[in-house]
Structure formats: C-alpha cells, structure tokens
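J.: Return atomic coordinates for the entry below.
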Amino acid sequence: MAEDINAEEYPTEIHDYLTTFEKSLTSVDEMLKTMMSVSRSELLQKLEPLEQAKLDLVSAYTLNSMFWVYLATQGINPKEHPVKQELERIRTYMNKVKEIADKKKASKLDKGAASRFVRNALWEPNPENDQTPAK
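T.: Presented below is the predicted three-dimensional model:
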C-alpha cells in the first residue's frame with residue numbers, strides 16, 4: 001500500500017506510520033484467514049466452555065474494535081457512537097470470565113489433610129503419661 005502511493009501524495013512524515021499500519025493489516029488478515037479456515041462448530045468442539053466464552057468475547061471485541069477504526073476513518077467520532085457502549089459491555093464480560101478463570105486456578109483446600117495437620121500439630125495429653133502423685 002505505502003509503496004504503491006507516490007510519495008508526493010502524502011507527507012513523508014507519515015510514511016513510517018503507513019508502513020506499520022499496512023503490516024498490522026496484513027497480520028490481522030492472516031489471523032482471520034487462519035480462524036476462518038476451521039469451521040466454528042469444529043473449533044468450539046475442541047474447546048472447554050470457558051475457552052469457548054473467551055473465543056466468543058475476543059471475536060466480538062475484535063469486530064467491534066475494527067468497526068471503531070472504520071468509524072474513525074469515515075470521520076465519525078466513535079466515542080459518540082453506540083459501539084463504545086458495546087465495547088464496554090464486552091470488556092465487562094471479559095473481566096467476569098477472567099475472574100472465573102482465576103478462581104479455577106486458585107488452590108483448593110483439602111479439608112481432610114488440613115484437619116489431620118491441625119490434629120497432629122496440637123498437643124493432646126496422654127492419660128497413660130498423666131500420673132498425678134498420690135497423696
């Protein structure tokens with residue numbers, strides 16, 4: 001893209017930005033082709049429910065982000081468009097999924113082991129050793 005446009009058509013200061021933007025677009029295109037090469041149902045069958053939720057949320061967020069960029073390129077302020085609320089809603093659900101994933105990773109208490117540990121750590125008087133002097 002940047003090489004196809006004559007340098008006289010745009011300021012030279014933005015050439016690096018355009019080159020980086022073109023590379024980013026190429027990268028997004030490659031990722032989309034990879035994702036689209038496998039059917040959605042086939043992909044979801046291979047994932048656990050939590051991973052499915054993550055995939056759906058990332059997909060929705062990506063599409064809405066791309067629409068945000070499209071609006072900006074059309075001279076429309078995306079901050080005043082309903083896409084902003086949609087992105088915020090998706091972020092809320094992403095945070096909820098992250099909380100669930102973090103809880104799943106958290107260590108669980110083995111109550112049996114904990115009670116054995118506490119029982120063995122506490123001193124219990126042994127009636128055989130408890131000899132009181134006779135009067």
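J.: contacts, neighbours, all on C-alpha from now
T.: Will do.
J.: ok, residue 68 - how many residues close by?
T.: Close neighbours of residue 68, defined as other CA atoms under 10 Å, add up to 20.
J.: What helix or strand is it located in?
T.: Assigned by DSSP states H and E, residue 68 belongs to helix 49-73.
J.: after that helix, next one along is what?
T.: Moving toward the C-terminus from helix 49-73, the next element (DSSP H and E) is helix 83-105.
J.: buried residues in that following helix?
T.: Judged by neighbour count using 16 or more other CA atoms under 10 Å, the buried positions of helix 83-105 are 83, 87, 90, 94, 97.
J.: which helices and strands sit right next to that helix?
T.: Packing contacts for helix 83-105, counted by 3 or more CA pairs under 8 Å, 6 or more residues apart in numbering; DSSP states H and E, involve helix 49-73.
J.: For the helix it packs on, give the mean pLDDT please.
T.: In this model, helix 49-73 has a mean pLDDT of 92.
J.: And that helix, how far out from the chain middle?
T.: 12 Å (CA atoms, centre = their mean, to the nearest Å).
J.: tilt between that helix and helix 83-105?
T.: On the basis of axes from the mean of the first three to the mean of the last three CA atoms, to 10 degrees, helix 49-73 is oriented at 160 degrees to helix 83-105.
J.: Give me the contacts around helix 49-73.
T.: For helix 49-73, the external contacting residues (CA atoms under 8 Å, 6 or more residues apart in numbering) are 44, 77-78, 83-84, 86-87, 90-91, 93-94, 97, 101.
J.: for the helix or strand bottoming out on mean pLDDT in the chain, the distance to its chain's centre please.
T.: Within the chain, no helix or strand scores below helix 111-121, which has a mean of 78 by mean pLDDT, DSSP states H and E. Relative to the chain's own centre, helix 111-121 is displaced by 37 Å; criterion: CA atoms, centre = their mean.
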